[in-house]
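Student: Structure for this input, please:
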Amino acid sequence: MNEQHIAPVASDHPIDLTFVVPCLNEEKYIGATLTTVVAAMSELPYTYEVIVIDDGSTDGTVNVVSQYCDARPELPIRLHRHNRTRGLAYSYVDGAFLGRGKYYRLVCGDDVESKETLVSVLRELGKADLIITYHPPIPGKPPYRRFLSRTYTTLVNFLSGYNVRYYNGLAVMLRYNVMRWGPYSFGFGFQAELITRLLDEGASLIEMPVVASHREKGSSSALNWRNFFSVAHTLLEISLRRVRKHAFQK
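Tutor: From the prediction side, this is the model:
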């Protein structure tokens, strides 16, 4: 893997928050995403860093990030490049090891969260090990996607024994926990695997509603064989973990 540092890396003193921004062909939106993160953090009293992980883009994503940082060298933004596409879960765990923040937050590279949403979520920082977001039906999201999402959440809750409203809401968590309990899932299911594992380990949580938008980019990336296998793996792992938990309880 080739890592390119666009801005100088600060000293090794701990900071409050690491954002990881995975990108795969997000040339159109990554600049706006970074602007949203920076604007939100300007309203909050936290130190932070942004790690953009380019996951093998074939468009101009890297150039956009480079130009953005060249124009704003004072911002704590770094670019890490994968030499081939590794997937969202890989980028997510990778970012935890590259970062230095106490807390950790995934931000999608397609700018679907507003500054106000980020600010409202991050004002809860430090109140729990997990800050899990959920949202009302998103305008523009196809009905079949809403049905799949509800079905998936119901299955995860049934198999895990928890009652979380939404598992793919880009939770805020301790970066150490991502490194310690990083998921084995390689696709769509990695967040549910990690969240249920942390709850099994006794993590505290806050659930809060947020406003998000939906961006349709051609055929749905959620409906492919990799994600079907990933979901099956996640559900199996959650089921087996619950069985082991009960089998070895004293």
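Student: Nearest the geometric middle of the chain, what residue?
Tutor: For the chain, the residue nearest the mean C-alpha position is residue 106 (2.9 Å; Cα atoms, centre = their mean).
Student: Name the nearest residue to that one, ignoring sequence neighbours.
Tutor: Distance criterion Cβ to Cβ, 6 or more residues apart in numbering; nearest residue to residue 106, sequence neighbours excluded, is residue 170 at 4.9 Å. C-beta here means a position set from N, CA and C on the backbone, and glycine is covered the same way.
Student: Which residues are in contact with that neighbour?
Tutor: With contacts defined as Cβ atoms under 8 Å, 6 or more residues apart in numbering, residue 170 is in contact with 105, 106, 107, 108, 113, 133, 191.
Student: quick one: pLDDT of it?
Tutor: On pLDDT, residue 170 comes in at 91.
Student: Check residue 229 too.
Tutor: What the model reports as pLDDT for residue 229 is 80.
Student: Would you confirm that it contacts residue 187?
Tutor: Yes - in terms of Cβ atoms under 8 Å, residue 229 counts as a neighbour of residue 187; the distance is 7.3 Å.
Student: any idea where the helices of the protein begin and end?
Tutor: 30-41, 61-71, 88-98, 115-122, 143-160, 175-180, 190-200, 225-247 (DSSP state H).
Student: Show me the two of the contacts of residue 170 that sit farthest apart.
Tutor: Greatest spatial distance in those: 113 and 191, 15.2 Å, computed using Cβ to Cβ.
Student: For the longest strand that the chain contains, which helices and strands make contact with it?
Tutor: Using DSSP state E to define each element, the chain has its longest strand at strand 15-23. Judged by 3 or more Cβ pairs under 8 Å, 6 or more residues apart in numbering; DSSP states H and E, strand 15-23 is in contact with helix 30-41, strand 48-54, helix 88-98, strand 101-106.
Student: Check the gap between residue 167 and residue 120 for me.
Tutor: 20 Å (Cβ to Cβ, to the nearest Å).
Student: repeat for residue 19
Tutor: Taken as Cβ to Cβ, the span from residue 19 to residue 120 is 16 Å.
Student: Who has more neighbours out of these two?
Tutor: Counted by other Cβ atoms under 10 Å, residue 19 and residue 120 do not tie: residue 19 has more neighbours, with 27 against 16.
Student: ok, now which ones touch the more buried one?
Tutor: Residue 19 touches 37, 48, 49, 50, 51, 105, 106, 107, counting by Cβ under 8 Å, 6+ apart.
Student: of residue 229 and residue 187, who's got more company?
Tutor: In this view residue 229 and residue 187 are compared by other Cβ under 10 Å, and residue 187 has more residues nearby, 21 against 15.
Student: Give me the nearest residue to that one, chain neighbours excluded.
Tutor: residue 230 (3.1 Å).
Student: just residue 155 next, same as before
Tutor: residue 235 (6.1 Å).
Student: So what's the residue count around that neighbour?
Tutor: 20.
Student: pLDDT weak spots in the chain?
Tutor: Along the chain, the model assigns pLDDT under 70 to residues 1-13, 137-141, 212-223, 249-250.
Student: so residue 238 makes contact with residue 191?
Tutor: No - using Cβ under 8 Å, residue 238 is not in contact with residue 191, being 11.9 Å away.
Student: Please tell me how far residue 231 sits from residue 142.
Tutor: Taking Cβ to Cβ, one finds residue 231 at 18 Å from residue 142.
Student: What of residue 38?
Tutor: From residue 38 over to residue 142 (counting by Cβ to Cβ), the distance is 32 Å.
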